[in-house]
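1. return a 3D structure for these sequence lines:
(one chain, ligands or ions: 1)
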Amino acid sequence: MINLILFGPPGSGKGTQAVKLVERYQLVHISTGDLFRYEMGNNTPLGLKAKEYMAKGELVPDEVTIGMLRNKVEAHPHAKGFIFDGFPRTIPQAGALDALLQSMNEQINGLVSLHVADEEIVRRILLRGASSGRADDTDEAVIRKRIEVYKETTTPVYDYYDHKNRSYTVEGVGSIEDIFDRLCATIDTLKTARRAS
Ligand code: AMP
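-> Residues are numbered from 1 along each chain as shown. Model prediction:
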């Protein structure tokens, strides 16, 4: 199994790249943002709860997010591995993910972060908002709040895996193909390292 965290601020291209990585490495893609949007679209109790936080650009509480993630992982017992996209976003989420994987005799092999400057992020998300139908992509104040939450609450997750020598940064600016090639180069190193150990 190879388990990856695709990391980076909102609008850094995680979703776009995850689709391509899933195809290349045959992994199961789990995006907590997509899962919340699906629940919202179906007006489930979970979706209604998540909506309050998402609309403000805040994080959905850990216990809700972790429970949803755990169910999704457990629904794929035969997966060759997972790409976690938009999760973990807090230190407690990272701890819960490690515990879950450990219970399956697995671990996170690498966290790969897409680096994109703030103003480029705002520009990209507003552009996406024009067609995505996502309420949190159209209000610049909400976008800036999401960036602030990322910096304050989520970047410590990068350091958490960096202490385990598992964090990597890739430049997230350029063509989709160039960024994909950079990601694959990093992931292939991880795969080689795994084979050697
Ligand atoms: P995303 O599509 O990953 O940008 O997520 C959109 C929104 O969903 C975020 O702004 C949060 O409100 C919520 N969300 C997604 N993933 C998480 C997570 N791991 N923890 C808490 N909230 C999340």
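2. correct me, but residue 8 touches residue 120?
-> No - applying CB atoms under 8 Å, one finds residue 8 not in contact with residue 120, separated by 11.8 Å. Every residue, glycine included, has its C-beta placed from N, CA and C.
3. out of these two, which sits in the busier spot?
-> residue 8 (25 against 14; other CB atoms under 10 Å).
4. what's near enough to touch the more buried one?
-> For residue 8, the contacting residues are 14, 113, 114, 115, 116, 172, by CB atoms under 8 Å, 6 or more residues apart in numbering.
5. what does residue 153 give?
-> Residue 153 neighbours (CB under 8 Å, 6+ apart): 59, 89, 90.
6. burial count for residue 57?
-> When neighbours are counted by other CB under 10 Å, residue 57 registers 19.
7. now it, nearest residue through space, not along the chain?
-> Leaving aside its chain neighbours, residue 57 sits nearest to residue 145 (3.4 Å; criterion: CB to CB, 6 or more residues apart in numbering).
8. out of the contacts of residue 153, which is nearest to residue 19?
-> Lowest distance from residue 19 to those (CB to CB) belongs to residue 89, with 20.1 Å.
9. work out for me the element residue 29 sits within.
-> strand 28-31 (DSSP states H and E).
10. quick check: next helix or strand after that strand?
-> helix 32-41.
11. now do the buried residues in that following helix.
-> 32, 33, 35, 36, 37, 39, 40 (16 or more other CB atoms under 10 Å).
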